[in-house]
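*Asks:* Have a look; sequence and predicted model below, questions after that.
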Amino acid sequence: MSPNNKILIIEDSEMWSENFRNWIGNYYEIKVAGEKTEALALCSSLGPDLIILDLGLPQISDGLGLLDDLVRRGQDYQIIVVTSYEEHQYALEAQRRGAYSYFSKGDDTLEEELPNLIKQALKMQQLERENKELRSKLEQNIRFDNIVAVSKQMQQVLATIETIKNSVEPVLITGESGVGKEVIARHIFKQSSRLNGNFIAINCGALPANLLESELFGYEKGAFTGAAKTTRGKIELADEGTLFLDEIGDMPPELQVKLLRVLESKQFFRLGGEKEISVNFRLISATNQPLAELIKEDKFREDLFYRINVIPIHIPALRERPDDIPAMIEHFAEKFCRENDIPKPKFKNRLIAFLSHLPWEGNSRELENTVKRLILTNPQQVDMENLPPDILEETDNFLDKALANELSLEAVSRIYVKMVLEQKKGNKKEACKLLDINYRTLMSKLG
């Protein structure tokens, strides 16, 4: 909000337009339009940040229709609609169609509350503009590499990747299961100068030692029973590209020695082979295990650890970055509905607030599966009552979280106020009555 904010008042009554001017004050640039054509023209020339629209203008037979015209223009101004007591039933419909809020000319506290309502609307607009700018910066990452980075932690991860993307040094990605370590690895590859090479991935914990060795190094025909033809391994296939070793902490010690030699010499033998093969690849490793502890237990070689841990990148657990969760819900929902050609349901705000404070022990993978389940079982709208029993049980932990300072008093208060307002269908007077607070306090909580 700044002194340069522009406000367009669409009001045919000189008395009311003058009242609005006086109550708003001289802090903004204000223009007044008394009919539809003038209003739309000023919208184009003025570029307002906020519009106050009287739904009951005599010259406008359909105030909601004009609201639709304003919303369809796609500009980022906020719209506050004005009603009389007789038109009060249109207020909620106006909010459904895109208005930020409403007030009635009959409100006793209008002179006091209108300036605050305008400040809250402009603050919301500023936040939306900042979010739009952030989404624009992250659009390639979100859409192209399935990465959501709203939180400072994930923005730092992306900043680190931008710095090291063209390096040839090994990268070690750590984090709990389900945080998206392979997604990050692929993103590093796609941002690197090795994009023309292959991205070769293998899970070191998914195969027994003998199969993992042949998968990594390949084998010559006749090297062992069943080796009917010469086969190149993952290391060879990654030449001039990137080799991703997922769950490297599960690699057997005997293979750790062989991998270390490859990293040091850039050469290896296929199983049963006599010719040494040279390779040039970038190594990205990932693990959900504490390698330092495995070293103490003689389960992981210390020299290999230092070789693969040149550039460490840690992906925080989802519960440590709740700011990412609303955007991830939207991303997963859009992706799932697009892939299955089905309409995307609306996720209610209070539901998103609740989901944003769950522990998500399975991290992104668990959240994505939950979003899919909610969409399939609730095709139009998803609210708290649509949650499955296993997730609803988490409500028992809400107070425990607050007491453990995982949620501040302000955060709990804001979530509760939004839930009450949602329950009251957006009726601010009813919400104030139930919460026993005044309008100004309500708006500050929503802001």
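*Replies:* Cool, the structure landed.

*Asks:* what does stretch 97-114 contact?
*Replies:* When contacts are defined by CB atoms under 8 Å, 6 or more residues apart in numbering, stretch 97-114 is touched by residues 16, 19-20, 23-24, 53, 64, 67-68, 71, 78-85, 88, 91-92, 94-95, 117, 120-121, 124, 428, 439-440, 443. C-beta coordinates here come from the backbone N, C-alpha and C atoms, glycine included.

*Asks:* Which of those fall within strands?
*Replies:* Using DSSP state E, the members of those that fall in strands are 53, 78-83.

*Asks:* Which members of the contacts of stretch 97-114 occur in helices, if any?
*Replies:* 16, 19-20, 23-24, 64, 67-68, 71, 91-92, 94-95, 117, 120-121, 124, 428, 439-440, 443 (DSSP state H).

*Asks:* just to revisit the earlier point, just the buried members of the contacts of stretch 97-114?
*Replies:* 16, 19-20, 24, 53, 64, 67, 78-83, 91, 94-95, 117, 120-121, 428, 439-440, 443 (16 or more other CB atoms under 10 Å).

*Asks:* Next, the contact list for A292, please.
*Replies:* Residues in contact with A292 (CB under 8 Å, 6+ apart) are F305.

*Asks:* Which of the helices or strands spans it?
*Replies:* helix 291-296 (DSSP states H and E).

*Asks:* What is whichever helix or strand comes after that helix packed up against?
*Replies:* Where DSSP H and E defines the elements, the next helix or strand beyond helix 291-296 is helix 302-308. Applying 3 or more CB pairs under 8 Å, 6 or more residues apart in numbering; DSSP states H and E, one finds that helix 302-308 makes contact with helix 253-265, helix 291-296.

*Asks:* Can you pull the domain assignment for the chain?
*Replies:* 6-128, 134-142+319-446, 151-316 (automatic domain parsing).

*Asks:* can you list those in a markdown table and add mean pLDDT?
*Replies:* Putting the domains of the chain into a markdown table (pLDDT from 0 to 100) gives the following:
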| stretch | mean pLDDT |
| --- | --- |
| domain 6-128 | 81 |
| domain 134-142+319-446 | 76 |
| domain 151-316 | 94 |
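
*Asks:* re earlier: I'd like the helices and strands packed on helix 302-308 written out as CSV, with distance to I9 added.
*Replies:* Formatted as CSV, the helices and strands packed on helix 302-308 follow (distance: least, CB to CB, whole Å):
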stretch, distance to I9
helix 253-265, 69
helix 291-296, 64
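
*Asks:* Among those helices, which comes closest to A327?
*Replies:* Among the helices and strands packed on helix 302-308, the nearest to A327 by CB to CB is helix 291-296 (31.0 Å).

*Asks:* Show me which parts of that closest one are buried, residue by residue.
*Replies:* Those would be 291, 294-295, for helix 291-296 by 16+ other CB under 10 Å.

*Asks:* What segments of this protein are strands?
*Replies:* 6-10, 29-33, 50-54, 78-83, 101-104, 171-174, 199-203, 242-246, 267-268, 277-278, 282-287, 311-314, 346-347, 381-382.
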